[in-house]
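**Student:** Got a predicted model here, sequence first, then my questions.
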Amino acid sequence: MSQTGTGAAAPQTIKAAKVARFNLTIDDIRRAFDPGTFDRGWSYQRSRRVRFARISASGDEVEGEVQGSLRKPYAVSARISRMANGRTVIGSECTCPVGFDCKHAVAVLIQAVADCENGQARAANGQTLSAGVIDWLAQMERAAKSAGEDYPPELRQRLLYLLLPAPGGTRLAVAPASVRQLKGGAFSTDVRSFSAANILDPKPPQYLRPSDYALLRRLGRTTVYRSGDFEARRLEGEEGADLLAQMLATGRCYWESPAGPLLRAGEPRAGTIEWRLTGEGLQRPDMVVTGGGLCVPVAPPWYIDTDDGICGPVETDLAPRMAAMLLQAPALTPAEVKTVRVRLTETLPKAPPPLPRELAPPRRIEVVPVPHLLLHQRRLSPNIYWSGTRRPEVVQVDVTLARLSFLYDGHEVASDDRRPAPIFAKGDAVIEVLRRPQAEKQAMRKLEALGLLPATPLHQWNLPNDCQGDYALCDESGYQDEDLWIDFADRDVSALRAAGWRVELDASFPYRMAQADGAIEAALENGSGIDWFELHLGVPVDGQRVDILPALLKVLRQIPGEAMDTFLTDDALDDTSLRLRLNDGRILPLPFAQLRPILAALAGLFAAGREPVDGVLHLTRTDAADLADFAAGAVGVVWRGDESLRALGRQLKDHAGLPPVALPSLFTGSLRPYQQSGLEWMQLLRSAGLGGVLADDMGLGKTVQTLAHIAVEKAEGRLDR
């Protein structure tokens, strides 16, 4: 170690090639220590007080010595770690009185960076560069990489400007976003918000171009709000129009997302401003652009044609600022129109802007409202303060809700609408509805009597704005209960309709009830295989036969074996309905007393080893006897289709039902009565296409029965070979 002229030891340098992963920067050190400690440590390093700085081979530990005010130098050790978010964490210890995270640690770490930066950078005279010079040179290199608008081939990250509608009607906003461009030119689906304040970082991203710095500085002075996961900036006035033009010039301006249309500058288009009547009876100004396009109220107004991917200014007869201000006018009620027309004419007497239209006075409606209930389902995320989760999107749940409104001669008023006399428009006519508060309150009390309560107290869910006035049906703990909703759909919906309510089921509502139009029917149909039969059980619903066998089999599979007997013999269930979930999602309630014998018979088929395949019971002729048991137990079931298998089953179950068989003359022997029965049994199996086995004790005449069977087959001409 060489000595300097002042007697202090020169810093011992290290070979960067031996350190694999040391990527600490001056900015990392600056962020890890308070400003005063950092400044004093850097002063120590520039004063060459660091006697040596040594880095471990892994690159995550630094140790060194710093000459302080005492004769013995202070020993420093520091450990460097990287968090998952990229943040650098430094922990240090020192033998000085402070003990940790001191100026001596800063000095050693800065010296380590100086020794390692750019592979042991040295000046032309062989002297090691100071950390400040190295840091400045690194910033120069980063600036050189982003000095031009063109991206180098190795740099795939991009800053995009996403244009999107802003809250407040026709306003426009921009959301800067960072995304990686793939080799084929498309963008990754991992799109992240980019804050305009990021340009103030000591080490801004390399993918920023010179135009981005100018744009982001100006965007940083505009109104900011959150749009989903993005930081959006509202574009307004002359500044908004100029920013829009500059963003289009970058070639990185897209409509709403990187997958949307790429926008470019287009020629100006002519436009006229008209006042239009909304469905709520209000008047709003609207720009009609020749050639089409969405108009945004910057100054001058601009159009955005997403079909052709072009944007440009809109030319009107008004001054640019006046046109923009006019387009930002709030909606006017009929009572405000007259005053606004007078004031606008006085404000601009020489060139008055388009004025809101004078319409006939509103026509009043005074009728008794018809309650309208919309049943629907929404996917909601839990409130993080209620559930404790910081990732609510992971545990989103489908929540069933009811939305109450009132129909006044066909005009719908939401139950949470605070207007005593809402206004509507039909064509050019304005209609004013005079509400009936008592009738509306009576309908609300009816819902509460049925168990439906306002959903807003359900703090465990984040309710969107359009659901704030909805009702929910919950158990005593405040949570959704499927059985309660099915009860409501089965029992209360029809009662409300009978009372004059209009109840509408949205496509998302999961509890749609079906009504049987007739008796349960059983059918045996030929299956796909030889001698296979398929058993179907159905009921007519809305004129179509619906198979309920899959739903019945599902019920049986859900009941434990030890509870099956209790389930099938509990008389208390006879006064209830069994609600079967059909394949199309509807729920079919059927009397349990009617289904009990059918379920018992199906359970018997299960006990005989019959298992459904894809919800269908497949039977063969060998199952005829078990089918006969099922048919006898399924009381009240109407049978249709192939009768032969059931007839065979009855014969197989009824010993007295064996068809008599006469012995042919070519058979010269005689049969005992039980042997005659054996012959008749084999003939029955033959006629049914079944095989059989004679299994008697020795000496009981199996041979003579077989010979008699052969003789009958010969006499009937079935043995022709």
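**Tutor:** Perfect, thanks for sending it. All values reported here derive from a predicted model rather than from experimental measurement.
**Student:** List phi and psi for the nearest residue to Ser508 once chain neighbours are set aside.
**Tutor:** If the residues on either side of it in the chain are set aside, Ser508 comes closest to Gln377, at 4.3 Å by C-beta to C-beta, 6 or more residues apart in numbering. Backbone N, C-alpha and C define where each C-beta goes, glycine included. When read as degrees, to the nearest 10, the backbone of Gln377 gives phi -130, psi 140.
**Student:** didn't Gln377 look like it was pressed against Pro510?
**Tutor:** Yes: between Gln377 and Pro510 there is a contact at 6.0 Å, judged by C-beta atoms under 8 Å.
**Student:** got any residues that touch both of the two?
**Tutor:** With contacts defined as C-beta atoms under 8 Å, 6 or more residues apart in numbering, the residues adjacent to both Gln377 and Pro510 are Asp398, Thr400.
**Student:** nearest residue to Ala708 other than its sequence neighbours?
**Tutor:** Leu679 (4.9 Å).
**Student:** Give the buried residues for stretch 307-327.
**Tutor:** 309-316, 318, 320, 322-327 (16 or more other C-beta atoms under 10 Å).
**Student:** Give the next helix or strand downstream of the worst-scoring helix or strand of the chain on mean pLDDT.
**Tutor:** Lowest by mean pLDDT, DSSP states H and E among the helices and strands of the chain is helix 384-387, with a mean of 55. From helix 384-387 onward toward the C-terminus, using DSSP states H and E, the following helix or strand is strand 397-408.
**Student:** same for that following strand, what does it pack against?
**Tutor:** Judged by 3 or more C-beta pairs under 8 Å, 6 or more residues apart in numbering; DSSP states H and E, strand 397-408 is in contact with strand 370-380, strand 411-414, helix 437-449, strand 471-473.
**Student:** roughly how far out does the last one sit from the chain middle?
**Tutor:** If you compare the mean C-alpha spot of strand 471-473 with that of the full chain, they lie 22 Å apart, counting by C-alpha atoms, centre = their mean, to the nearest Å.
**Student:** Rounded mean pLDDT for that strand, please.
**Tutor:** The average pLDDT for strand 471-473 rounds to 89.
**Student:** What is it packed up against?
**Tutor:** strand 397-408, strand 452-454.
**Student:** ok, of those strands, where does mean pLDDT dip lowest?
**Tutor:** Looking at these, the weakest mean confidence is strand 452-454, a mean of 88.
**Student:** which residues sit against it?
**Tutor:** By C-beta under 8 Å, 6+ apart, the residues outside strand 452-454 that reach it are Ala402, Gly469, Asp470, Tyr471, Ala472, Leu473, Cys474, Phe488.
**Student:** Mind listing the strands it pairs with, and their directions?
**Tutor:** strand 471-473 (antiparallel) (DSSP bridges).
**Student:** Could you list the buried residues of the partner strand?
**Tutor:** Tyr471, Ala472, Leu473.
**Student:** Tell me the one among those nearest to Arg156.
**Tutor:** Ala472 (48.1 Å; C-beta to C-beta).
**Student:** before we move on, the earlier item: got a list of what the residue nearest to Ala708 touches?
**Tutor:** Taking C-beta under 8 Å, 6+ apart as the test, what Leu679 contacts is Val661, Leu671, Gln705, Ala708, His709, Val712.
**Student:** Please list the members of those residues that lie in strands.
**Tutor:** Assignment to strands by DSSP state E places none of the contacts of Leu679 there.
**Student:** between those, which is nearest Leu162?
**Tutor:** Of all the contacts of Leu679, Leu162 sits closest to His709, with 87.3 Å by C-beta to C-beta.
**Student:** does that closest one really touch Glu680, like I thought?
**Tutor:** No: in this structure His709 lies outside contact range of Glu680 using C-beta under 8 Å: 9.8 Å.
**Student:** Quick check on the two: which one has the bigger neighbour count.
**Tutor:** A count of neighbours by other C-beta atoms under 10 Å puts His709 above the other of His709 and Glu680, at 22 against 17.
**Student:** what pLDDT does the more buried one get?
**Tutor:** For His709, the predicted pLDDT is 88.
**Student:** For it, which non-adjacent residue is closest in space?
**Tutor:** Counting by C-beta to C-beta, 6+ apart, His709 lies nearest to Met682, which is 4.9 Å off, once chain neighbours are set aside.
**Student:** Burial check on that neighbour, number of neighbours?
**Tutor:** Going by other C-beta under 10 Å, the residues that sit close to Met682 add up to 22.
**Student:** same thing with Gln558?
**Tutor:** Counted with other C-beta under 10 Å, Gln558 comes out at 7.
**Student:** Let's test this: what are the backbone torsions at it?
**Tutor:** According to degrees, to the nearest 10, Gln558 has phi -80, psi -10.
**Student:** Name the strands paired with the helix or strand where Cys311 lies and say parallel or antiparallel.
**Tutor:** Using DSSP H and E, Cys311 sits in strand 310-315. Strand 310-315 has its sheet partners listed here by DSSP bridges as strand 264-265 (parallel), strand 269-277 (parallel), strand 302-305 (antiparallel).
**Student:** any idea which helix or strand comes after that strand?
**Tutor:** Elements were assigned by DSSP H and E; along the chain past strand 310-315, the next helix or strand is helix 320-327.
**Student:** What residues of stretch 490-505 count as buried?
**Tutor:** Quick answer for stretch 490-505 (16+ other C-beta under 10 Å): Asp490, Asp492, Val493, Leu496, Trp501, Val503, Leu505.
**Student:** Return the member of those residues nearest to Asp574.
**Tutor:** Asp490 (17.5 Å).
**Student:** Distance to Val89 and mean neighbour count added to the helices and strands packed on strand 471-473, as JSON lines?
**Tutor:** Below are these laid out as JSON lines (distance: least, C-beta to C-beta, whole Å; neighbours: other C-beta atoms under 10 Å):
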{"stretch": "strand 397-408", "distance to Val89": "37", "mean neighbour count": "20"}
{"stretch": "strand 452-454", "distance to Val89": "48", "mean neighbour count": "18"}
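**Student:** check contacts around the nearest residue to Val493 once chain neighbours are set aside.
**Tutor:** Excluding the flanking residues, the one nearest Val493 by C-beta to C-beta, 6+ apart is Val503, at 5.2 Å. Shown in contact with Val503 (C-beta under 8 Å, 6+ apart): His372, Leu373, Leu375, Val493, Leu496, Arg497.
**Student:** Could you dump the residues you listed into JSON lines with distance to Leu344 added?
**Tutor:** Formatted as JSON lines, these follow (distance: C-beta to C-beta, whole Å):
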{"residue": "His372", "distance to Leu344": "39"}
{"residue": "Leu373", "distance to Leu344": "44"}
{"residue": "Leu375", "distance to Leu344": "46"}
{"residue": "Val493", "distance to Leu344": "52"}
{"residue": "Leu496", "distance to Leu344": "49"}
{"residue": "Arg497", "distance to Leu344": "50"}
